[in-house]
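Enquirer: sequence and predicted structure, then a few things I'm wondering about:
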Amino acid sequence: MNGKKVISRSPLQERAERESKPTKTKNQQGEIDEIIIKKVFKKIDNKPRLAFWDHESAVVLHYLKETLPNFSMSAETARLMRKAIKEEHPDIWRAVTNKLREKKLGTK
């Protein structure tokens with residue numbers, strides 16, 4: 001090798017690093033870019049499914065599925081994700097929900 005050490009990192013260390021990085025939610029002017037909102041809507045219109053890997057969450061959800069009658073992992077995941085995303089990115093959330101309202105009303 002070229003003398004560099006390769007340090008192996010655990011998935012938890014990688015996750016902690018990703019989660020500690022600041023997220024970008026606004027453009028340079030501090031406003032939500034409507035062009036990007038429209039582009040993303042076109043991209044996900046036919047495939048709104050979201051997948052992610054998280055061991056702890058999977059264990060909790062599977063536990064709840066085993067212990068609660070009629071528990072839906074999908075419904076619970078969607079509910080929790082919506083709540084978290086709305087709290088973390090309220091400006092984008094508002095722009096998206098406004099766009100959805102426009103689509104339902106047939107405007108724009």
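Expert: Here it is on my side, so go on. Just so we're clear, the structure is a prediction, and the values are computed from it rather than from any experiment.
Enquirer: does the helix or strand hosting Leu80 pack against any helices or strands, and if so which?
Expert: Leu80 is part of helix 73-88, with elements assigned from DSSP states H and E. Judged by 3 or more C-beta pairs under 8 Å, 6 or more residues apart in numbering; DSSP states H and E, the packing partners of helix 73-88 are helix 55-67. For every residue, glycine as well, the C-beta is placed using N, CA and C.
Enquirer: ok, 10 Å please
Expert: helix 55-67, helix 90-105 (3 or more C-beta pairs under 10 Å, 6 or more residues apart in numbering; DSSP states H and E).
Enquirer: got the angle for the last one vs helix 73-88?
Expert: Put plainly, it is helix 90-105. If you take axes from the mean of the first three to the mean of the last three C-alpha atoms, to 10 degrees, helix 90-105 sits at 120 degrees to helix 73-88.
Enquirer: so what does helix 90-105 touch, helix or strand wise?
Expert: helix 34-44, helix 73-88.
Enquirer: report the angle between the shortest one and helix 90-105.
Expert: In this structure, helix 34-44 runs at an angle of 60 degrees to helix 90-105, with the same axes, to 10 degrees as the basis.
Enquirer: likewise for the longest one?
Expert: Between helix 73-88 and helix 90-105, the angle comes out at 120 degrees (the same axes, to 10 degrees).
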